[in-house]
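Asks: Make a model of this:
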Amino acid sequence: MNTKTKNCDICHSPLENEWGNNAWPIIIDGTCCDTCNGDVIMARILQMNKKTTELEQFINNTLERGSE
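Replies: So this is what the prediction gives:
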């Protein structure tokens, strides 16, 4: 049994549990603590909003070209 404490790949504090949280997109293939997970969630939300904005712009441009 591995008793070595795993650390957060973002702040390097010990993880609160055996598994931690997925640190993507801040750290690819990384693990983060519960505290840093809030930052990870915010990064994911910002990333989704960016894609949504780009998608909306693409749709609007496509509709505009179709009405010409």
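Asks: so where do the helices sit in the chain?
Replies: Counting by DSSP state H, the chain has helices at residues 34-66.
Asks: Next, name the residue at the spatial heart of it.
Replies: In the chain, the centroid-proximal residue (C-alpha atoms, centre = their mean) is Arg44; its distance is 3.5 Å.
Asks: And for Ala23, the neighbour number?
Replies: Using other C-beta atoms under 10 Å, the number of residues around Ala23 comes to 21. Where C-beta positions appear, they are placed from N, C-alpha and C, glycine not excepted.
Asks: I'd say it and Thr35 touch.
Replies: No. If you go by C-beta atoms under 8 Å, Ala23 and Thr35 don't touch, sitting 12.0 Å apart.
Asks: any shared contact partners between the two?
Replies: Contact criterion C-beta atoms under 8 Å, 6 or more residues apart in numbering; residues shared by Ala23 and Thr35: Cys8.
Asks: What pLDDT does the model give His12?
Replies: pLDDT for His12: 93.
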